[in-house]
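Novice: Quick one, what's the 3D model for this:
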Amino acid sequence: MIGGRVLSVRTRWLIPVGLGTFLLGVYVFTYPIDPSWSSIQQHIPSTWPFGPGRPGPPPDSNSDWNPHPPGPPPPPNSHWNSWTEKTGSATAKESDYIYPHQNPASPLLVEVDEEKRNAVVDAFKHAWGHYERKAMGSDEFHPIKGVGTNLTYSGAGIGYNIIDAIDTMYIMGLKTEYETARKWIKEHLSFRRKGSVSTFETTIRVLGGLLSTYYLTSDQLYLKCAEDLGSRLIHAFDTPLGLPVSHIDLANPAEWKDSWGNMKVCPAEIGTLQLEFRYLAQATGNETYWRKVEKVMEVIDRNTFSNGLVTGDLSLKDGSFFNTEIRLGGRVDSYYEYLLKQWLQTNRTEPFYDRMYSKAMAGINDNLIQQTPNQKLTYTAELIAKRGVKIVEWTLRHRQEHLTCFIAGSLMLGATTSGLAPGVVKASVPPRPEEFMARGLRDWNTGTELLETCMKTHDTATGLAAEIVTFKTEESPPHAHGTDEEERDWFISGNHINSKGAFWAPWDAHYLLRPEIVESLFLAWRLTGDMRYRNYAWNVFQAIEKHCRLPEGGYASVANVDRLPVKHEDKQETFFLSETLKYLYLTFSDTSVLPLTDIVFNTEAHPLPVFTPSTIKPGLS
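Specialist: Numbering: from 1, shown residues only. This next block holds a predicted model:
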């Protein structure tokens with residue numbers, strides 16, 4: 001991709017790529033497979049982390065395990081050789097791109113970048129090892145003090161950190177770490193912990209992590225734990241409309257009382273539970289899980305605005321949306337993400353979700369997508385409700401959260417699935433313009449442009465992106481930003497020198513080890529084979545290593561991405577292990593590992609299988 005346009009095929013790549021693919025196929029086909037691993041292999045590609053055609057042992061095996069055998073060398077005349085020693089990346093030029101069109105319907109298969117992938121594995125071990133030594137079993141971890149905290153009154157954890165990270169261990173081939181985590185789950189995990197926990201966070205992190213690991217391993221331990229947790233969480237839906245309450249006591253879920261009539265919930269809280277509970281229903285045959293989350297989508301669909309958009313708050317009492325803010329960041333983000341993924345999860349058999357998705361994306365493009373006047377950066381704005389005497393007026397606020405950058409990759413994924421022209425079964429890699437219908441091409445271009453803007457927000461003193469940036473408009477006041485930000489089309493609000501001449505760190509300036517930008521880079525890489533996305537990912541990883549890695553172990557958040565030396569904040573988020581490092585690892589793996597045709601990632605990066613509902617008939621059409 002250059003300038004948002006899809007380039008033509010460069011035929012000189014056909015012979016070496018075709019020959020390499022043929023030889024790899026012969027090698028994989030002829031390599032002997034250990035029958036004891038076959039039950040697990042059915043869920044994962046033959047080029048799993050253990051190398052091409054080399055199946056690993058089952059989780060309880062005592063055999064020698066080499067999760068990272070030497071991979072094949074780069075192909076002749078590989079453009080990888082042009083990567084600089086300083087950054088490990090190449091200049092994005094036309095010769096760096098890959099056009100594997102010998103079979104347009106086939107997925108791209110690119111060699112693993114062993115060195116960079118192993119660097120990500122080392123980062124995971126550095127983060128996990130410190131947690132395991134200092135706070136094993138705790139829900140959250142504070143790496144500077146080396147202590148853990150929990151989310152329940154009982155003082156015991158419910159596995160947030162461990163379960164959120166265990167499928168990453170398995171994918172990375174970290175046998176020792178995986179077996180340690182599995183042992184803790186088997187011997188210590190209990191959901192009989194008194195205290196209020198988030199229905200949303202517990203579903204996406206714990207239920208999602210258990211189901212993902214069950215899918216990858218076929219180990220009944222994880223499904224049993226998932227059933228236990230699901231049977232407790234499902235009581236959150238016991239409200240008149242069936243919309244789940246925000247928090248629940250897992251120890252006494254049936255007795256959990258909440259003043260639901262006066263409560264507000266957000267679309268992300270209630271619209272980001274569906275992938276997990278639907279797969280739990282499929283795996284257990286318990287239709288109740290499916291119907292509960294399906295009912296939620298029915299209520300949301302009835303109450304969305306005519307343009308398909310939603311605000312950040314709705315009533316548990318009647319399902320109506322409050323006139324507050326329309327945006328793509330916190331409280332709303334993953335709701336839009338799951339519209340597409342629900343359609344993909346059930347093998348595109350539920351057009352209801354495709355219609356909701358396409359309508360919402362049209363609303364986003366028509367109402368929220370903006371462009372800066374100077375550098376022409378595409379970004380997402382927010383609509384803020386201003387109550388008049390008789391009507392509600394909406395005004396634009398030109399700010400974008402780091403969370404919002406998920407939409408770049410989501411739009412690209414949607415364009416190559418929901419946005420394909422009639423008769424096109426599967427997009428080429430990279431896709432051709434003629435393969436899209438009009439809305440697909442619109443979303444593809446918007447997604448690629450937004451991703452470039454998200455990478456522009458890494459143009460800071462640390463190379464890390466801030467939590468929130470504000471974009472300059474023609475109406476921006478002349479002193480809305482610091483003097484060191486004059487060359488940028490955006491600024492970090494409040495990031496200036498105070499009256500005493502000292503810098504302070506506004507909330508907008510934080511970096512919390514978030515994954516959304518690397519998530520979109522991973523999807524863009526998979527969908528295009530464009531080497532610049534791997535290069536971008538490597539640059540982000542290097543910035544994390546330089547400014548977030550702690551010498552004694554672990555990684556910490558950064559208080560202000562635009563000030564050096566950095567000041568750390570004592571929190572290593574669980575999503576750093578579950579999402580950020582997983583997406584980076586997959587970006588440097590070959591593209592047959594967790595192919596997008598076979599899985600959907602939940603919003604916590606837990607891979608769940610694509611399936612056609614067997615015994616359960618979806619109720620929305």
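Novice: In the stretch 451-600 of the chain, what residue spans correspond to strands?
Specialist: 468-471, 490-491, 557-558, 568-569, 599-601 (DSSP state E, counting those that start in this stretch).
Novice: Of all those, which one comes closest to residue 357?
Specialist: Using Cβ to Cβ as the measure, strand 599-601 is the one of these that comes nearest residue 357, at 13.1 Å. Placement of C-beta: from N, CA and C, glycine included.
Novice: Identify whichever of the strands of the stretch 451-600 of the chain lies nearest to residue 551.
Specialist: Of those, nearest to residue 551 by Cβ to Cβ is strand 568-569, at 11.5 Å.
Novice: Tell me the strands beside the closest one, with direction?
Specialist: The pairing partners recorded for strand 568-569 under DSSP bridges are strand 557-558 (antiparallel).
Novice: How about residues contacting the partner strand?
Specialist: If you take Cβ atoms under 8 Å, 6 or more residues apart in numbering as the criterion, strand 557-558 is touched by 462, 464, 510-513, 547-548, 566-569, 571-573.
Novice: hmm, 7 Å instead?
Specialist: 462, 464, 510-513, 547-548, 566, 568-569, 571 (Cβ atoms under 7 Å, 6 or more residues apart in numbering).
Novice: re the thing from before, could you dump the strands of the stretch 451-600 of the chain into CSV with distance to residue 517, mean neighbour count and mean pLDDT added?
Specialist: Below are the strands of the stretch 451-600 of the chain laid out as CSV (distance: least, Cβ to Cβ, whole Å; neighbours: other Cβ atoms under 10 Å; pLDDT from 0 to 100):
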stretch, distance to residue 517, mean neighbour count, mean pLDDT
strand 468-471, 12, 24, 98
strand 490-491, 14, 22, 96
strand 557-558, 15, 24, 98
strand 568-569, 19, 16, 98
strand 599-601, 15, 22, 99
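Novice: Redo those strands as a markdown table? Include distance to residue 211.
Specialist: Shown next, in a markdown table, are these (distance: least, Cβ to Cβ, whole Å):
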| stretch | distance to residue 211 |
| --- | --- |
| strand 468-471 | 32 |
| strand 490-491 | 38 |
| strand 557-558 | 28 |
| strand 568-569 | 31 |
| strand 599-601 | 12 |
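Novice: So for residue 364, which of these sits nearest?
Specialist: strand 468-471 (16.2 Å).
Novice: can you list the residues that contact the closest one?
Specialist: Under Cβ under 7 Å, 6+ apart, the answer for strand 468-471 is 372, 377, 379, 398-401, 457, 489-493, 508.
Novice: next one: stretch 357-377
Specialist: Counting by Cβ under 7 Å, 6+ apart, 307-309, 328, 336, 339-340, 343, 378-381, 383, 398, 411, 414, 418, 439, 442-443, 446, 453, 456, 471-474, 489 sit against stretch 357-377.
Novice: Low-confidence ranges, the stretch 201-350 of the chain, go.
Specialist: Within the stretch 201-350 of the chain, the stretches with pLDDT under 70 are 256-262.
Novice: Find the nearest non-adjacent residue to residue 286, please.
Specialist: residue 280 (7.3 Å; Cβ to Cβ, 6 or more residues apart in numbering).
Novice: And the helix or strand that contains the one you found, how far out from the chain middle?
Specialist: Secondary structure assignment for residue 280, by DSSP states H and E: helix 274-284. Distance, stretch centre to chain centre, for helix 274-284: 19 Å (Cα atoms, centre = their mean, to the nearest Å).
Novice: again, but for stretch 545-557
Specialist: Chain-centre distance of stretch 545-557: 22 Å, with Cα atoms, centre = their mean.
Novice: Could you check that stretch and say which residues are buried?
Specialist: Buried residues in stretch 545-557, counting neighbours by 16 or more other Cβ atoms under 10 Å, are found at 547-548, 550, 553-557.
Novice: any chance of these in CSV, with distance to residue 198 too?
Specialist: CSV is the format used below for the buried residues of stretch 545-557 (distance: Cβ to Cβ, whole Å):
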residue, distance to residue 198
547, 29
548, 25
550, 27
553, 27
554, 24
555, 23
556, 23
557, 20
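Novice: picking up where we left off before, from the contacts of strand 468-471, which is closest to residue 267?
Specialist: residue 401 (15.2 Å).
Novice: next one: phi and psi at the nearest residue to the closest one once chain neighbours are set aside?
Specialist: Nearest residue to residue 401, sequence neighbours excluded (Cβ to Cβ, 6+ apart): residue 329, at 3.4 Å. Main-chain torsions, residue 329, degrees, to the nearest 10: phi -90, psi -140.
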